[in-house]
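Peer 1: no sequence on hand, only this structure:
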């Protein structure tokens, strides 16, 4: 990524990573800000500028370090080295939190954040799994900061706990030869290629994602797969049937033996709809009042009967084509 501008908290330059980024992007305008959470000139931009905002980079110091208990693939959701993303997935849940300001924010105090994880784990009698990628895509971020490779190397020096993160990107080569000691879990998010093309602009293609997943598994990493989000387009059954066929043909045997699968149906919102209507007027519509029902204030999900039919269909497809793999959950 080569950003158009960088907004930064001056204190971030007092950290090693901040200085490295300043040198790396020395030819790009740097604009000082008081807080990465409140950049008024960006917050007031119209929704149609969403793609332009995604070409900005914000650098700061993370001050909030609250851990949220989780009961799916991790024990805790952990704030880590970035939030937001350069991709423009039309359903991205981060948009619900950050609205149009879901651009990539980098936090330079990585030592503080990783040390907290290590110290938290040291006080636990069991091996916890920490989700470090719930606010960003760390494989993407690694292409800018090297933070994921640094994290894996540093965490590999300890002897307890696991780190996990999801991704839609294939740039995993810098991670393959690291001493991860089997304590890092990468989960690759997949969708039919036509869904990726229409609704996940800026992310890696399906075949590239599968290749990256196979590489990571071959390198000894624990891996998982997210079929997410399942989007009920008019031809969704054909598309997801073809996706599962593709997975059955292209996943390595090792992945099939070891990876768990998460399946997540799409949740949408009024905020998404407002931004997408102005920023991507020619894209397909994701909101369908005939298929969706309210789910909290300003949010929508598929009707229960449609979701149940979808779950039944996907389980049947998996049983026919990937019966050796385990579905962890469907939501």
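Peer 2: Yep, it's here. Note that the structure is a prediction, hence the values are computed from the model and not measured.
Peer 1: now the strands for the stretch 151-300 of the chain?
Peer 2: 162-167, 184-190, 222-230, 260-265, 267-269, 292-294, 299-302 (DSSP state E, counting those that start in this stretch).
Peer 1: relative to residue 144, which of those is closest?
Peer 2: strand 162-167 (14.2 Å; Cβ to Cβ). Just so you know, the C-beta spots here come from the backbone N, C-alpha and C atoms, and that holds for glycine as well.
Peer 1: quick one: strands adjacent to that closest one?
Peer 2: strand 129-131 (parallel), strand 184-190 (parallel) (DSSP bridges).
Peer 1: and the angle from that strand to strand 222-230?
Peer 2: Relative orientation of strand 162-167 versus strand 222-230 (axes from the mean of the first three to the mean of the last three Cα atoms, to 10 degrees): 40 degrees.
Peer 1: distance from strand 162-167 to the middle of the chain?
Peer 2: Averaged C-alpha coordinates place strand 162-167 at 9 Å from its chain's average position (Cα atoms, centre = their mean, to the nearest Å).
Peer 1: show me what the lowest-mean-pLDDT helix or strand in the chain is packed up against.
Peer 2: When each helix and strand of the chain is scored by mean pLDDT, DSSP states H and E, helix 94-98 comes last, with a mean of 84. On a contact count with 3 or more Cβ pairs under 8 Å, 6 or more residues apart in numbering; DSSP states H and E, helix 94-98 meets helix 270-279.
Peer 1: can you show me the helices along the protein?
Peer 2: Secondary structure of the chain, counting by DSSP state H: helices at 16-24, 40-43, 50-53, 94-98, 110-122, 138-145, 147-155, 193-199, 206-218, 236-250, 253-258, 270-279, 304-321.
Peer 1: one step back: give me the contact list for the least confident helix or strand of the chain.
Peer 2: The contact list for helix 94-98 (Cβ atoms under 8 Å, 6 or more residues apart in numbering) reads 83-85, 102, 135-136, 269, 271-272, 275, 299.
Peer 1: now for those residues: which two are most distant?
Peer 2: Largest pairwise distance in these, by Cβ to Cβ, is 21.2 Å, between 136 and 299.
Peer 1: how about the nearest residue to residue 99, chain neighbours excluded?
Peer 2: In space, and not counting its chain neighbours, residue 99 is closest to residue 271: 5.8 Å by Cβ to Cβ, 6 or more residues apart in numbering.
Peer 1: hang on, the one you found packs against residue 300?
Peer 2: No. Contact between residue 271 and residue 300 fails when scored by Cβ atoms under 8 Å: they sit 11.0 Å apart.
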